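Engineer: Please find the sequence and the predicted model below.
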Amino acid sequence: MILFDYCRSSAAYRVRIALNYKGLPYEQVPVSLLDGDQCSEAHLARNPQGLVPALQDGDLILNQSLAICEYLDDEYPDTEKLLPAIASEKAKVRAMAQLIACDIHPVNNLRMLKYMVAELGATDEQKTTWYQHWIYKGFDALEVILADTAGEYCFGDSVTLADLCLVPQVFNANRFKCDMSRYPNIVRVNENCLKLKAFADAHPDLQPGA
Ligand SMILES: N[C@@H](CCC(=O)N[C@@H](CS)C(=O)NCC(=O)O)C(=O)O
């Protein structure tokens, strides 16, 4: 498989963890978001949205990190599972993953921040305030949910899709200097995940182009 990714993309980070955790070999092709490579003709052919990641598996090209992770679960059933089999548990894991991937991440995405600065004249300070606000809003809720669901990881003691979303979002929160002391459950789960090789190897600083 080929993963078109970028070291600091949190959506690509989720897929790197998934591939590592499942032990599926892949080649990485960096698409530099800083150089605008996501808008090149070659990349738009892979993803008309001009976003990373894109995953190529044979002739198939897939986008959207959560869809990719679920594809890997379905297509490679003999690998570690990212979603529980029981419907109610699966829904809880997906809800946590979507809290991060659908409600926190998109409003803090690079193109959103660029638009705020270039089109709306936001200052760096306003950009940071916006970024932190939406992290706090999401993490306040996630912290309450984890008090109920978490064991070693977001949902009990098995790694799930929720953990794949949590770790990159905490990385971003730290990058934007959010006060993480408000979130003991999130911090604990993040630390537990980072002890696993699949997560450690997916860290942005270790990727090509970092
Ligand atoms: N919902 C998408 C989000 C993808 C996304 O937003 N990728 C970001 C990096 S994390 C990106 O490519 N940004 C490029 C830009 O903003 O120009 C997914 O989960 O794959």
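Structural biologist: That came through fine. Numbering: from 1, shown residues only.

Engineer: tell me which parts of this structure are close to the ligand?
Structural biologist: 9-11, 33, 38, 51-53, 64-66, 101, 109-111 (CB under 6 Å from any ligand atom). Where C-beta positions appear, they are placed from N, C-alpha and C, glycine not excepted.

Engineer: Any of these buried? List them.
Structural biologist: Among the residues of the chain next to the ligand, the ones that count as buried by 16 or more other CB atoms under 10 Å are 9, 10, 11, 33, 38, 51, 52, 53, 64, 65, 66, 101.

Engineer: Leaving out chain neighbours, which residue sits closest to the fifth one?
Structural biologist: Same thing as residue 38. Nearest non-adjacent residue to residue 38, counting by CB to CB, 6 or more residues apart in numbering: residue 50, 4.8 Å away.

Engineer: Would you check how far apart that neighbour and residue 79 are?
Structural biologist: 30 Å (CB to CB, to the nearest Å).

Engineer: Chain neighbours aside, what residue packs nearest to residue 199?
Structural biologist: residue 193 (4.7 Å).

Engineer: Sticking with the one you found, tell me its helix or strand.
Structural biologist: helix 184-194 (DSSP states H and E).

Engineer: any idea how far that helix is from the chain center?
Structural biologist: Taking CA atoms, centre = their mean, to the nearest Å, one finds helix 184-194 lying 15 Å from the centre of the chain it belongs to.
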